[in-house]
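S.K.: Sequence unavailable; structure follows:
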């Protein structure tokens, strides 16, 4: 029996980053490697393959690339698009091809998201030279296309480039070609992705909303009109990925600290990062701590956490700390200095001061809003497109990522109810407000989802 | 090189139950098997041994024995003490011996905890016929001895039997003999165990407080004066273990249910068991749910959960449900009918009604207690020996296990603060009181540990 | 963020059987479940889904279906094609549809491989009602189509039915539709499959050799001319799968036996199944044992192992026994009574009789064949299509699966060299001949692959 | 419930090296850390402890210590005996004590095996200040005592020191003290160890053969008369461990190479290390390769493998390569440059030259030895003490570790049968002789064990 080729998706949860490893005949290639690279070594080993090629579809901006670490560990060569002045690796250009057993990888230059973006076709030459799949990086996603807002001065130009990449290069590969993009639903690199990881060029051609446009001009207009957030840590990632990130020896294991040590560290400037769920945070927390529930770390740590201060964790489970470490290391946070041993329970039994937040259900909120005298300030911290799609009448909008810089805009004459899509980001917001000294606070658990269910009055922008 | 003998402890956390598997020369024996037996099969397989002998040191009362399931799966023979009318297995008596490779196991009848209790010596006949280790069941623990309160009419008799077992049979085996008891610290089968699993007969002879007595009479006096709780589920376990528990096919996987289905099931009589931490429960919970934080399940489910009603889980992590299932199956709970999909978050976003509890820190409580007008009712739910060792002045004591039957003794003229050793059992108590309709409730997070740290006034019984 | 749908392939190695589990919104479906079903329960649990639907694309003939066990464990409903008199489950017909969250599954009747065969389309109704993927069972594979030799009296009819299913139902779904078949390369259910598991209808339409035909008649001609083997165990599988297989409690763990016990069992009629590699078997083996290297079990056990005799394993690694158990249980072999503890080494140190085989390299064989006086009998045990594609001049052909019934056709006047594609099946053949009493035997390690490399003279049928 | 202390043995199989990690109250200590340290980090993490102390009972000679790597990863302090000029760490002396929660560790200087050897007592101060356990390094084992042959000029002095350490320091700690030595049965650091890892000082005092002596002089006489082998790699280990080994980033993953690349590397001087079982090696092997079955690597690689040449692996399972890598890295072999992809099968199908060995069973050998004319040369490669305890009449003895240097002493006038305890080391010897050009070779599978079973004539030295 001929040896099977393998193609495995490695998803980095939270970031919704999709990387790929594929191989045949003893050789393997990795596309868009993340920083913690053990997984690729392990998969390649299972298939008795050596990783010989590492491709970057573009200078990724939302995580630290693991390319150089993979190169160090395996001797692989790194390849990336020629339209950027990389400090390492080798440039590739349209038409370059690479053979791994029966797999042939071919390079397409598909600029738009960035100038150096490439796509990579995969053919199984045992069957045909025609491609069976394509890795599209941030050009084409399942249900969306890449964002083109990184060069505001040249917005129309890059949107046009993306149009050309999509319609003149990718779609013509054929309806039958399988699609393997660099992100899935939940990524900050696109907002309209479908909640599904499998698709083909033909399916996208017919059903991807971003491709159902009437010509190049319309496409450009749509793209230019989009609003995207750019977390401040992107800058850090771009620098690291262009010039080479420091190698990762092993994942850090933040040492357990007792509550006295944690209190001292906080006094000395450490950030206390509470990973617990909003209900637990509302129940009790360490005054001054920042709540980012674990699964929100990839999306919001880059707005809220500094690179130059130590971070200490408060969590219910050791596993949650390990997951947070992985998330933060991928984003280049390396000062992960400790974790409260025994979690908040240890803080409680030490007799130290505790804080709590109120919580509000959608029914409560609806009742209170119905009485103008009792109505609180609803602080909605969702993204602008969510806000515009419907929000509570009278609410105040400040995007969560902007909140630390816009604290003075928060009205303080009434009780504040933090609000978002379901009450999770609202908890982050409440923790920020509490650190800022506000006290008459509650988190609307359920938020927009619950408000719809109980039919709160909703207005549209 | 001669083949190594193996001896591995299998701890069932929570119950602090210690079972053992040991083997040599292709045969293995299991001592005090728990109900979920995959672990024994797996260990025996790793050592290329067949499980041929299963011993029960006594009719265990705190978990469902896995002996019969092991027998079904391996063909092993079950052995237990002759002084009970077992419905299965073979009786053994003083002096019986069993050979597995170079391991010789010998039977000692060591009654006291129960009449049929046995201990099992282990000799490595390749070195000597003298025992190198002994499995003592519930006769002798690290730092304590077995409880002897199961035959109240014959209290002095059984305490005397235990004395004889300890001083005339076990200790004379020699100071050098390693000790392998059936429980470790945290078990309901003894309250004074040391927080350590390794010891020897000589170390216990010298340092075990229960053995530092001035003769048989003094020993009996001490034992008879002890107070132990007997959870109601013990009766169920005794019956199952004497007559044979139903086989366990595989661990149940409670299906995920949406919030509507959970609400319906609760209306139809299901128990909603919330496994989350006290802070999370205080933050928000489903009205009517019972909070037993995961790690308290083994100790308190047997008081608080019925066998005849379905149980539905509310948890933060799927892992927590899996762990709770394991705990409850070991205790014979088989009606584990579902889990709230998405956890409390799903309940919240459905717009359903939520409840919350107040929390109190030790500092708050100290301040409130200092002012007679503001002083709340402190409901202390610890065990009587903890209460007697020191409690807050003016507190009310009702042991948590007794609370459902003594709800009418809870004073309701003032706000109630639930209280225990550190605030965890207090959360269970608060959830019971809330189900009972009380609302002016808060949980004293930190409880006794924190009160000592902040120097609340403490009185002794 | 909307919840992601999941679709995961569960491959049963060796059989190259592909089953699928997919889900959304708390519900999951399994397609063509294998007998050991823990994997589906585990995946569904990880996604917090309940398995509610189990589909069988047809009455599978090459493994025992796990549908009924899944039903017992989860309460799911079993669905299958209406054109068979199943003893359980519910029939479905063209156009039936099932909704699981945003997933819509639709039934297509696609007979040909069998009369009751169905395919199942998958649409993501959040994107479109058009299908994005299709599960084709044994109708369409990557690089091949299903075999149609199961109804020899109606060969042209069923080939025609398959043509209609492919060209009138499946391909018209659209080039963009992803393909999920029931087998991959290496299955006995098709011989031309591509060594790759990912494809689309459009890729197959263009590149699948079996679809590049000039009309219905040509397709039928091709299919009728194909030669397929049908292992005798297929009958057993068909019966079990139509009428319901006995439930699988847990995977058996064959107990370790010493060499004396193994010798006794063999005397009493047990089959000694040696799982080791050909080189190890050639080096030394237990006289009378049958060598089937582990990875050949799925393809050849069904020809060579009886259902009515106990099977004992000889292996180098305990892991290999566990894998063989899994393979054999999937094929309905339940009398797996033991394993030689310590492997062949234990047999050797017991002083028992050993046997050995000679080995021949391709270079040796080429030299010997060049000298007519020295030329051995080359017994080629490959499939007829391999033989016809090229074989050594003067070789004798008997397919391995037929060898036990055709032993008297093996010439014994010269030394025998067993031969296959690479020397693995040749080892099985040598072990069969040795049991049959032949002694002047050797295995041509490397076989056809090596013979090509060293340019032995090759003739074509 | 008070927090439990933990004490876990980490065994490095093959070397039979036992290291320990223990902790309480958030701190942990490691004793005699091996080079691959992930396991300690993982265990400490599971107990929410920080590794703060790393002890070395002596300058280990049989593996590379992981102390410095642990220090780098955790910030722990390294402690070792003061009687050596270490290039790192801090010296400790008699009576020094270290507290970790309720664990108190105390230093005893116990020279003899080496001058700087220490033992470490463990007390649970919550129970008593008296020790409950002791870590004895290479002073006292289960069933044996440390070797004292490392200072041949001062043989009596060091044997006397060991006597004093044992009888004046360790045994007086009390019969009840549990014993945790640095090696178990199978180590090259002692030959008489019992096949069991659990014991106490009292059990050893009574049953350890090495302690049943009539006084100091007799003990010294016994020790001086002992014969031990010292593998050449010990020197390398001593140097690395005294001056600090290079850090280990991650375990190497030798890349898969095809047979052409392996052949080239062998031509360029690489060692081809065949990890397969003796039967498989006998069946077929690459000419020139060295057979060391996986489990013999720790004991014999240090005699047979050079540090200055690349090593390439030939194995049946990828797992075996991973295990060999671990073994060799622990011994400081870092040039692990590749593995033959697809194992020997790939070599065979490439058409390359193969070699084979004959095998002989004990029955065959007995018959051949009974006929002087047919009697082969039996080359017995066991240790001198095994040889002296009984060997085949007329056999030649050369210890396996010495064989490469004594090849010219091997008689070549008759066929050679390699011989050892069970046929495994005999395979290593046969591979060495084959590389040396000898061809009339066979391996006596079963060797001494089988010869006893079939009653070959045995003589004693």
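M.R.: Nice, thanks for sending it over. No experiment lies behind these values; they were computed from the predicted model shown. Numbers count the residues shown, from 1 in each chain, chains lettered A, B, ... in the order given.

S.K.: Where does the prediction get shaky in the stretch 1-150 of chain A?
M.R.: A:1 (pLDDT under 70).

S.K.: what does the stretch 301-450 of chain A give?
M.R.: Residue ranges of the stretch 301-450 of chain A with pLDDT under 70: none are present.

S.K.: OK, now which residue of it is nearest to chain B?
M.R.: Relative to chain B, the nearest point of the stretch 301-450 of chain A is residue A:351 (3.2 Å; Cβ to the nearest Cβ). From N, CA and C alone the C-beta is placed, and that goes for glycine too.

S.K.: Not including adjacent chain positions, what is the nearest residue to that residue?
M.R.: Of all residues not flanking residue A:351 in the chain, residue B:453 sits nearest, at 3.2 Å (Cβ to Cβ, 6 or more residues apart in numbering or on different chains).

S.K.: give me every residue that touches the residue in the stretch 351-461 of chain A that chain C sits nearest to.
M.R.: Across the stretch 351-461 of chain A, no residue is closer to chain C than residue A:421, which sits at 8.5 Å (Cβ to the nearest Cβ). The contact partners of residue A:421, by Cβ atoms under 8 Å, 6 or more residues apart in numbering or on different chains, come to A:382, A:386, A:447-449.

S.K.: rerun at 10 Å
M.R.: Taking Cβ atoms under 10 Å, 6 or more residues apart in numbering or on different chains, we find residue A:421 in contact with A:380-383, A:386, A:446-449, B:349, C:1.

S.K.: Specify which member of those residues is nearest to chain D.
M.R.: residue C:1 (30.5 Å).

S.K.: Residue A:123 against residue A:101, yeah?
M.R.: No. The criterion here is Cβ atoms under 10 Å, and residue A:123 misses it with residue A:101 at 11.9 Å.

S.K.: ok, is the host helix or strand of residue A:108 in contact with chain D or not?
M.R.: Assigned by DSSP states H and E, residue A:108 falls within strand A:103-109. No. Strand A:103-109 is not in contact with chain D by Cβ under 10 Å from any Cβ of the partner chain; minimum separation 15.9 Å.

S.K.: and that strand, anywhere near chain C?
M.R.: Yes. Counting by Cβ under 10 Å from any Cβ, chain C has neighbours in strand A:103-109: residue A:103.

S.K.: report the angle between the axes of whichever helix or strand comes after that strand and strand A:103-109?
M.R.: With elements assigned by DSSP H and E, the helix or strand that comes after strand A:103-109 is strand A:118-124. On the basis of axes from the mean of the first three to the mean of the last three Cα atoms, to 10 degrees, strand A:118-124 is oriented at 150 degrees to strand A:103-109.

S.K.: next one: strand A:118-124 to chain centre, how far?
M.R.: 25 Å (Cα atoms, centre = their mean, to the nearest Å).

S.K.: Buried ones in the following helix or strand past it, by neighbour count?
M.R.: Sequence-wise, the next helix or strand downstream of strand A:118-124 (DSSP H and E) is strand A:131-137. For strand A:131-137, burial by neighbour count (16 or more other Cβ atoms under 10 Å in any protein chain shown) applies to A:131-137.

S.K.: how far away is the residue lying closest to residue A:193 once chain neighbours are set aside from chain B?
M.R.: For residue A:193, ignoring the flanking residues on the chain, the nearest one in space by Cβ to Cβ, 6+ apart is residue A:185 at 4.3 Å. Counting by Cβ to the nearest Cβ, to the nearest Å, the gap from residue A:185 to chain B is 17 Å.

S.K.: same thing with residue A:54?
M.R.: According to Cβ to the nearest Cβ, residue A:54 and chain B sit 34 Å apart.

S.K.: ok, the host helix or strand of that residue: who's next to it in the sheet?
M.R.: Taking DSSP H and E as the criterion, residue A:54 maps to strand A:50-56. Under the criterion DSSP bridges, strand A:50-56 sits next to strand A:27-31 (parallel), strand A:77-81 (parallel) in its sheet.

S.K.: can you give me the angle the first one makes with strand A:131-137?
M.R.: Going back to what we said before, that points to strand A:27-31. Interaxial angle of strand A:27-31 relative to strand A:131-137 (the same axes, to 10 degrees): 40 degrees.

S.K.: What's the first helix or strand after strand A:27-31?
M.R.: Per DSSP H and E, the first helix or strand lying C-terminal to strand A:27-31 is helix A:38-46.

S.K.: Which residues does that next one contact?
M.R.: A:6, A:8, A:10, A:12, A:19-23, A:26-30, A:33-34, A:49-52, A:54, A:66, A:69-70, A:73-74, A:76, A:248, A:250-251, D:250-251, D:253-256, D:318, D:321-322, D:339.

S.K.: filter those residues to the buried ones?
M.R.: A:6, A:8, A:10, A:12, A:19-23, A:26-30, A:33-34, A:49-52, A:54, A:66, A:69-70, A:73-74, A:76, A:248, D:253-256, D:318, D:321-322, D:339.

S.K.: isn't residue A:117 right next to residue A:161, touching?
M.R.: Yes. Between residue A:117 and residue A:161 there is a contact at 8.8 Å, judged by Cβ under 10 Å.

S.K.: Neighbour count for these two, which is higher?
M.R.: Higher neighbour count among residue A:117 and residue A:161: residue A:117, with 29 against 23, using other Cβ atoms under 10 Å in any protein chain shown.

S.K.: which stretches of the stretch 101-250 of chain A form helices?
M.R.: For the stretch 101-250 of chain A, helices defined by DSSP state H, counting those that start in this stretch occupy the ranges A:155-164, A:201-207, A:215-225, A:233-243.
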